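Asker: Quick one, structure for this:
(chains A and B)
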Number of protein chains: 2
Amino acid sequence: MQTRSDSLRCNGKKIVLVPTMGFLHEGHISLIRKGRELGDDLVVSIFVNPAQFAPEEDFDSYPRGFEKDCQLTEKAGVNAIFAPDAKELYAEGFQTYIRLEKLPMHLCGLSRPVFFRGVATVVSKLFNIVKPHIAIFGEKDFQQLQVIRQMVKDLNFDIEIVGGALVREPDGLAMSSRNTYLTPEQRVQALCLYQSLKKAQERVNSGIRESSKIIEEASAFISSLPEAVIDYAALCDPETLENVKTVDKPTLMALAVKIGKTRLIDNMMLR
Amino acid sequence: MQTRSDSLRCNGKKIVLVPTMGFLHEGHISLIRKGRELGDDLVVSIFVNPAQFAPEEDFDSYPRGFEKDCQLTEKAGVNAIFAPDAKELYAEGFQTYIRLEKLPMHLCGLSRPVFFRGVATVVSKLFNIVKPHIAIFGEKDFQQLQVIRQMVKDLNFDIEIVGGALVREPDGLAMSSRNTYLTPEQRVQALCLYQSLKKAQERVNSGIRESSKIIEEASAFISSLPEAVIDYAALCDPETLENVKTVDKPTLMALAVKIGKTRLIDNMMLR
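Answerer: Prediction:
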């Protein structure tokens, strides 16, 4: 990959990387389409990264579908798939991790303490292997996007980070490879995330500004569903991810909810 | 620097980086000469990195001499000096650090807990800024060299790490910018590090294999000097830096000794 990229770079080609964990859906495809527009050489990485899963999480059961991913990426005009083996990326004696001190202390970082360390580490590895000019990350994983942006700035990676808009199913459910875990009954309840976000925007439109009131309403609604358990419901500054008390500028509303055993996240910028 | 390096790389030039904290002495110059041989474009970075000093350490008093460093590097055929401002490398909100889990748990890492985190972080920044093919580090900072090698492997940096031999004063004192701190009386006592290493090699030559015996002798000798206080005296595996009990293969002897307020390190491979 490094030799390939050196050669492409010297031929004036702009390399775009779209990192994924595979089991691609329309959300990934929209990032890939964006990458196709922004560069000359489009690399999609497919790697379910063990370093970002805690032992009790779903690394083993995470959905995989390499053959179908290959078809989808080919159709979308991808130039190369990078799908390394975990034993190659984490060789015996591996011991180097990248850690951010502030951004992971919010939202998903609180219930997934090793997650962002694993993400930052593997993404820096992918950056050094693929040597892209541009890398694209989905805004559905908003905190991850902010972590990557901060890491790129702090470690002086010569890479432009581009965010891609969240993509929803026709009924509003944010696309996620993990949606495949849901039973039909859970699938209906999973709409509560999007519904809560939409309702929150309506409340802001109607003049409500107190975060506590907006969060309280969302929490009451979500908790009324039989299989939904809130991990967090937060209104925060989109740069620092710190909680805000009043919505007086664009504010990120971020939700993490367990529907049965499946943890789903969603977010919306309230304006 | 990134644009400059991209252009050089595409013109087929091999870029070599020699990272330093300035106040250059013959040890640095030997690394620079090695770099001159190994590559086409030779970059020396000069940066006293605040992230690798603890608050009680000598960041403020660390010797600096930029004008003389420029003369020395020019004479040695350096193509570029990279001397950034600390405020530029560590902007407001900086929060990303690289940490190794095992190698820093030995030798200098024990008495300088933030040191290797600071080193790994700044070196990865320098790598991303200078984009060298090769980077050279002195073997006097043996543990640092191992930390960098491991980081490069773990994070897939496309960079070859080369070690440069330790350089001594005519009387055997390992060259160090910190030697300038020593009073004439301390300068004499500082020879105890090299003398202990030489004596240890003699002991090994004469058939002694027990680490404890070799360390005991070195400690007794160093402690007999009025201003010398041992931080550590260790015989360790040169790869893992773990202590070894018997010298039955090439073994690193590493010393850290405070002479008055000045902490000096030295090492030798016992064979």
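
Asker: excluding its backbone neighbours, what's nearest the residue positioned nearest the centre of chain A?
Answerer: Centroid check for chain A by Cα atoms, centre = their mean gives residue A:141 as the closest residue, at 2.6 Å. Leaving aside its sequence neighbours, residue A:141 sits nearest to residue A:265 (Cβ to Cβ, 6 or more residues apart in numbering or on different chains; 7.4 Å). The C-beta positions use only the backbone N, C-alpha and C, and glycine is treated the same way.

Asker: What separation do you get for the one you found and chain B?
Answerer: 22 Å (Cβ to the nearest Cβ, to the nearest Å).

Asker: thinking that residue is in contact with residue A:108, fair?
Answerer: Yes: the pair residue A:265 / residue A:108 is scored as a contact, 6.7 Å apart, by Cβ atoms under 8 Å.

Asker: Pull up the overlap in contacts between those two.
Answerer: Contact criterion Cβ atoms under 8 Å, 6 or more residues apart in numbering or on different chains; residues shared by residue A:265 and residue A:108: residue A:256.

Asker: hang on, the earlier thing: the residue nearest to the centre of chain A is in contact with residue A:264, isn't it?
Answerer: No: using Cβ under 8 Å, residue A:141 makes no contact with residue A:264, being 12.0 Å away.

Asker: Give me the phi and psi for residue A:132.
Answerer: Torsion angles at residue A:132 (phi, psi; degrees, to the nearest 10) stand at phi -80, psi 160.

Asker: right, I mislabeled it, should have said residue A:78
Answerer: The phi/psi pair for residue A:78 (degrees, to the nearest 10) is phi -70, psi 140.

Asker: And for it, the neighbour number?
Answerer: For residue A:78, the count of nearby residues is 20 (other Cβ atoms under 10 Å in any protein chain shown).

Asker: My guess is it contacts residue A:44. True?
Answerer: Yes: assessed by Cβ under 8 Å, residue A:78 is found in contact with residue A:44 at 5.0 Å.

Asker: hey, what's in contact with both of those two?
Answerer: residue A:32.

Asker: The residue of the stretch 151-271 of chain A found nearest chain B and residue B:269: what is the separation?
Answerer: In the stretch 151-271 of chain A, the residue found nearest to chain B is residue A:154; the distance is 3.6 Å by Cβ to the nearest Cβ. For residue A:154, the distance to residue B:269 equals 36 Å [Cβ to Cβ, to the nearest Å].

Asker: who has more neighbours, the two?
Answerer: Neighbour tally, residue A:154 and residue B:269, criterion other Cβ under 10 Å: the higher count belongs to residue A:154, 23 against 13.

Asker: Not counting residues beside it along the chain, what's closest to that one?
Answerer: In space, residue A:154 is closest to residue B:96, 3.6 Å off (Cβ to Cβ, 6+ apart).

Asker: right, and that neighbour touches residue A:150 too?
Answerer: Yes: contact criterion Cβ under 8 Å: residue B:96 and residue A:150 qualify, at 6.4 Å.

Asker: got any residues that touch both of the two?
Answerer: Contact criterion Cβ under 8 Å, 6+ apart; residues shared by residue B:96 and residue A:150: residue A:100.

Asker: and the closest residue to chain B within the stretch 1-150 of chain A, how many neighbours does it have?
Answerer: Chain B sits closest to residue A:96 of the stretch 1-150 of chain A, with a gap of 3.6 Å, by Cβ to the nearest Cβ. Applying other Cβ under 10 Å, we find 23 residues neighbouring residue A:96.

Asker: so it makes contact with residue B:99?
Answerer: Yes: if you go by Cβ under 8 Å, residue A:96 and residue B:99 touch, sitting 7.4 Å apart.

Asker: The lengthiest helix in chain A versus helix B:115-130: what angle between them?
Answerer: Using DSSP state H, we find that the single longest helix of chain A is helix A:115-130. Calculated by axes from the mean of the first three to the mean of the last three Cα atoms, to 10 degrees, helix A:115-130 forms an angle of 40 degrees with helix B:115-130.

Asker: next one: helix A:115-130 to chain centre, how far?
Answerer: Relative to its chain's centre, helix A:115-130 lies at 13 Å (Cα atoms, centre = their mean, to the nearest Å).

Asker: Quick check: what element follows it along the chain?
Answerer: strand A:134-138 (DSSP states H and E).

Asker: residues in contact with that next one?
Answerer: The contact list for strand A:134-138 (Cβ under 8 Å, 6+ apart) reads A:14-19, A:27-28, A:31, A:34-35, A:38-39, A:123, A:126-127, A:144-145, A:148, A:159-166.

Asker: What angle do helix A:115-130 and it make with each other?
Answerer: Here strand A:134-138 points in a direction 150 degrees away from that of helix A:115-130 (the same axes, to 10 degrees).

Asker: And the nearest residue to residue A:133 once chain neighbours are set aside, how close does it get to residue A:41?
Answerer: Excluding its sequence neighbours, the residue lying closest to residue A:133 (Cβ to Cβ, 6+ apart) is residue A:14, at 4.9 Å. With the distance defined as Cβ to Cβ, residue A:14 ends up 7 Å from residue A:41.
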